[in-house]
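J.: Model the following, please.
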Amino acid sequence: MDDTRRAELAGLLTQFGLSVPDDLSLVELAMTHRSWAAEHQSTDDNERLEFMGDAVIGLITTEYLYEARPDDEEGTLSKLRASMVSRRILGEVALGLGLGPLIRFGAGEESSGGRERHSILGSALEALCAALYHLCEWSDLRSALREHIVLPALAMAENEVVADYKSRLQEWTQKSMQSVPEYRVREALGPDHDREFVVEVVVEGEAVAEGRGSRIKLAENDAARAALERIAGSGEPSPPD
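T.: Below you'll find the predicted structure:
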């Protein structure tokens, strides 16, 4: 490994706020796609590290959600975690961390756009986490991955979850009432850096439920969830799953 390459990989660890070890061979392996290994007649690629890194990210994500969302049920947590650790979202996180230019590809994969492919980027991020698991103290790694992977992934996943309750409520109102719900912001509480929005959902002119969230979309989603729960307990035909 030449000095330029070492500086590139060291910069990646520094970005995570982690100390740089003398031996970066595991990090290099994490950034080695199987197409590069095949082209160079090597058996060394990042797929075994990817297997382990999937578990590392899964554990840290599960731990964070368990601690941060004490009121959420298992089903809600499981769905959110599944979205957060999906290759699409991990690929987006990896793209934001600048992993694309650091991955070693074979010429064919390089020319077909591998550096922008979410599945490949997400796999490389998993492999990197496995390498860091071997190289770092757990407390340091846990803190770094929470900040640079879990929280960005959560923000992306929440946007997906937002569409769920709102779309379910809209499907039900269209089918049962031939109308669509409206959402109205009632209050914005707290300072700008710690804002909480209160939103009510209105169906056919009647305020059905309200929700709260750190963003308007999240508050709308919470209001839709509360409305679905009210409908389910009212004896009305069940909302769609």
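J.: okay, CA-based contacts and neighbour counts for the rest of this
T.: OK.
J.: Quickly note the distance from the one residue sitting closest to the centre of the chain to Ala209.
T.: For the chain, the residue sitting closest to the mean C-alpha position, by Cα atoms, centre = their mean, is Ala153 at 2.3 Å. Separation of Ala153 from Ala209 (Cα to Cα, to the nearest Å) stands at 29 Å.
J.: about what we covered before: which residue, other than its chain neighbours, is closest to the residue nearest to the centre of the chain?
T.: Met84 (5.1 Å; Cα to Cα, 6 or more residues apart in numbering).
J.: for that neighbour, what are its contacts?
T.: 61, 90, 150, 153-154, 156-157 (Cα atoms under 8 Å, 6 or more residues apart in numbering).
J.: most neighbours, which of the residues you listed?
T.: Neighbour counts for these, by other Cα atoms under 10 Å, peak at Leu90, which reaches 28 neighbours.
J.: quick one, phi/psi of that residue?
T.: When quoted as degrees, to the nearest 10, the phi and psi of Leu90 stand at phi -60, psi -30.
J.: pLDDT score assigned to it?
T.: If you check Leu90, the pLDDT there is 94.
J.: is it true that it touches Ala153?
T.: Yes: with contact defined as Cα atoms under 8 Å, Leu90 counts as touching Ala153 (6.9 Å).
J.: so what are the domain limits for this structure?
T.: 3-157, 181-232 (automatic domain parsing).
J.: about what we covered before: which pLDDT value belongs to the residue nearest to the centre of the chain?
T.: pLDDT, Ala153: 95.
J.: buried set for the helix or strand containing it?
T.: Using DSSP states H and E, Ala153 maps to helix 151-177. Residues of helix 151-177 classed as buried: 151-154, 156-158, 161-162, 165-166, 168-173 (neighbour count, 16 or more other Cα atoms under 10 Å).
J.: Go through the domains of the chain and find the least confident stretch.
T.: Comparing mean pLDDT across those, the weakest is domain 181-232, with a mean of 88.
J.: Just the endpoints, please. Distance across it?
T.: Terminal residues of domain 181-232 are spaced 16 Å apart (Cα to Cα).
J.: ok, Ser86 to Arg117 distance?
T.: Distance of Ser86 to Arg117, computed by Cα to Cα: 13 Å.
J.: Correction: the previous question concerned Ser143.
T.: For Ser143, the distance to Arg117 - Cα to Cα - is 27 Å.
J.: Over to Val202?
T.: 41 Å.
J.: Neighbour count for these two, which is higher?
T.: Val202 (19 against 16).
J.: Now the phi/psi pair for Gly113, please.
T.: phi 90, psi 30.
J.: Spit out the contact partners of it.
T.: Taking Cα under 8 Å, 6+ apart as the definition, Gly113 has no contacts.
J.: Please apply the same query to the one 5 residues further on.
T.: Residues in contact with His118 (Cα under 8 Å, 6+ apart) are 87-92.
J.: hey, where'd the strands end up in the chain?
T.: Listed in chain order, the strands of the chain (DSSP state E) span residues 182-189, 196-203, 206-213.
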